[in-house]
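> Turn this into a structure:
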Amino acid sequence: MLRFIQRRTVIAAALVLGTGIAATLPAHAQSVADIKKKGEITIGMLVDFPPYGTTDAKNQPDGYDADVAKLLAKDLGVKANIVPVTGPNRIPFLLTNKVDLLVASLAVTPERAKQVTFSQPYAAATIVLYGKKSDTIKDAAALKGKRIGVARASTQDIAVTKAAPEGTEIRRFDDDASAMQALLSGQVDAIGCSVTVAAQIAKRAPANTFENKFNLVQQNMGIAMRPGQAELEKTVNDFVAKHSADGELNKLYQKWLSTDLPKFQ
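Below is the predicted model of the structure:
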């Protein structure tokens, strides 16, 4: 037991030391010319957040973020070197120069914007109120008297609970699949769910049965760079603007999420 405690203490100290080093290492300002001279761009990406980030049959990074990363590398005329990162280490990897930038489903928040530079949004995670087309629900006020299903303790549970007026019957299920079944069987009038789940329901139900009634929450995601890289920031923003306009980002979003790229708020 003593050896176990000592080992945990050493590991904890190493983590603290590592965090301290990460916080003190200078962020490397990198120009677009530097990346092109190197011949590749190293991009951090989550691989445990499907359909945005996942792996294919050969255990290679795949998903919407992977396709966006490859498209960016193609535009720069370099090879994409995609490095798997985790939620906790993605920003430290960027700030300690282990990756050139992140296409890692990183939601744009004021707190994160103090650490990194975000591009214009290239994706979003959207939670919607999804119900029958024949139902007249248009906004949160119309939920009064309705039966609304959600996966218990999920983001959609929090969003529906916050938006629903008194008199709304919120029915909580073990997971999204159970909430989906409740909607399909008529146990609830609508559910709070991600656009990914909504797309799955639309495929299973007869055409034109259900629709998105309104957005509950939308978290915009940006490509993250180290601060002080104005040239790279402009290049990445130009990339997002170009492929938003020509439909390439929407095409990739449709491929992975079976829905259109949302309008960014």
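> quick one, strands of the stretch 51-200 of the chain?
Ranges of strands in the stretch 51-200 of the chain, per DSSP state E, counting those that start in this stretch, are 54-55, 61-62, 79-85, 101-102, 117-118, 123-132, 147-151, 169-173, 190-194.
> I'd like to know which elements the first one is packed against.
Based on contacts counted as 3 or more C-beta pairs under 8 Å, 6 or more residues apart in numbering; DSSP states H and E, the elements that strand 54-55 packs against are strand 61-62. Just so you know, the C-beta spots here come from the backbone N, C-alpha and C atoms, and that holds for glycine as well.
> Okay, domains of this protein per the record?
32-124+220-257, 126-218 (the TED database).
> Format the ones you listed as a markdown table; extra columns: distance to Lys263, mean neighbour count and mean pLDDT.
Putting the domains of the chain into a markdown table (distance: least, C-beta to C-beta, whole Å; neighbours: other C-beta atoms under 10 Å; pLDDT from 0 to 100) gives the following:
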| stretch | distance to Lys263 | mean neighbour count | mean pLDDT |
| --- | --- | --- | --- |
| domain 32-124+220-257 | 9 | 18 | 95 |
| domain 126-218 | 9 | 17 | 93 |
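> Output those domains in CSV; the columns should cover distance to Phe264.
As requested, these are arranged in CSV below (distance: least, C-beta to C-beta, whole Å):
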stretch, distance to Phe264
domain 32-124+220-257, 4
domain 126-218, 8
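> Show me the one of the strands of the stretch 51-200 of the chain that comes nearest Lys255.
Lys255 lies closest, by C-beta to C-beta, to one member of those: strand 61-62, at 11.0 Å.
> neighbouring contacts of that closest one?
Residues outside strand 61-62 that contact it (C-beta atoms under 8 Å, 6 or more residues apart in numbering): Met45, Val47, Gly53, Thr54, Thr55, Asp56, Ala69, Ile82, Pro84.
> what helix or strand does Ala241 sit in?
Ala241 belongs to helix 230-245 when assigned by DSSP states H and E.
> Between strand 123-132 and the helix or strand just after that helix, find me the angle.
Going down the chain from helix 230-245, the next helix or strand is helix 248-257, by DSSP H and E. Interaxial angle of helix 248-257 relative to strand 123-132 (axes from the mean of the first three to the mean of the last three C-alpha atoms, to 10 degrees): 60 degrees.
> Mind listing residues that contact helix 248-257?
Residues outside helix 248-257 that contact it (C-beta under 8 Å, 6+ apart): 51-52, 63-64, 67-68, 71, 122-123, 195-196, 199, 240, 243-244, 259-261.
> just curious, which of the contacts of strand 61-62 is nearest to Leu76?
Nearest to Leu76 among these, counting by C-beta to C-beta, is Ala69 at 10.9 Å.
> which of the contacts of strand 61-62 lies closest to Ala33?
Closest to Ala33, out of all of the contacts of strand 61-62 and judged by C-beta to C-beta, is Ala69, at 20.0 Å.
> any idea how far the closest one lies from Thr117?
17 Å (C-beta to C-beta, to the nearest Å).
> now do Ala124
Going from Ala124 to Thr117 by C-beta to C-beta gives 19 Å.
> same thing with Ile201?
37 Å.
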